[in-house]
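Colleague: got a predicted structure plus its sequence, pasted below:
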Amino acid sequence: MKSIVGIGEYAISHNKENSLKTFALASCVAVTAYSPIRKKGAMIHIALPEPDTETDRMVRPGYYATTGIPLMIEKLCSDHGCTKGELEIQIFGGAESIRKNDIFNIGKRNIEAVVETLYNLNLRISGAQVGGKVSRTIELDINTGKVDILTQPIGI
């Protein structure tokens, strides 16, 4: 069974027959956390680095790197018995815009916010496929921890 993770959402699974999947990561960044010891995994699909307002932080915490990642990791550890030290963390996405004069640089800013947030949580990134000008669809297999990645050029 596949559980779909939408933009601004996260999911956690302990079902070895399950997978977590998210689609079309362009400037968005997905973070996966997997415990090979317990065969439990989590995925979040982040749209922006940080919330602008307290309301945004409260209403849509999974939408932002600075609020969503700590929430997902806390749930994975407290509700599912994982420890931070056993988690394999990977990040995907954060593509560059196809616009020549993109002043917002959301992909790059998302990557920076994700990396800083993980660092602040004392979590080490064990794998990354970020940047470039491709859209990524990823799927985390809960039984193996393997992440399958499908890439497509942006703008086609």
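Modeller: Cool, got the structure. Numbers count the residues shown, from 1 in each chain.

Colleague: how about the contacts made by Lys39?
Modeller: Applying CB atoms under 8 Å, 6 or more residues apart in numbering to Lys39 gives the contacts 14, 16, 142-143. C-beta here means a position set from N, CA and C on the backbone, and glycine is covered the same way.

Colleague: where's it relative to Ile73, distance?
Modeller: Taking CB to CB, to the nearest Å as the measure, Lys39 falls 17 Å from Ile73.

Colleague: on the pLDDT front, check Ile156 for me.
Modeller: Among the per-residue scores, Ile156 shows a pLDDT of 52.

Colleague: let the chain start at 7 from now.
Modeller: Renumbered: residue one is now 7, and that last one reads Ile162.

Colleague: so Leu146 touches Phe98, yeah?
Modeller: No. With contact defined as CB atoms under 8 Å, Leu146 does not count as touching Phe98 (10.0 Å).

Colleague: need the residues touching each of these two.
Modeller: Overlap of the contact sets of Leu146 and Phe98 (by CB under 8 Å, 6+ apart) consists of 38, 153.

Colleague: where in this structure is pLDDT low?
Modeller: Judged by pLDDT under 70, the chain has its weakly predicted residues at 62-63, 105-106, 108-109, 161-162.

Colleague: for it, which segments count as strands?
Modeller: Remark: strands assigned in the chain by DSSP state E are 8-10, 16-19, 25-31, 35-41, 46-52, 94-99, 131-136, 140-147, 153-159.
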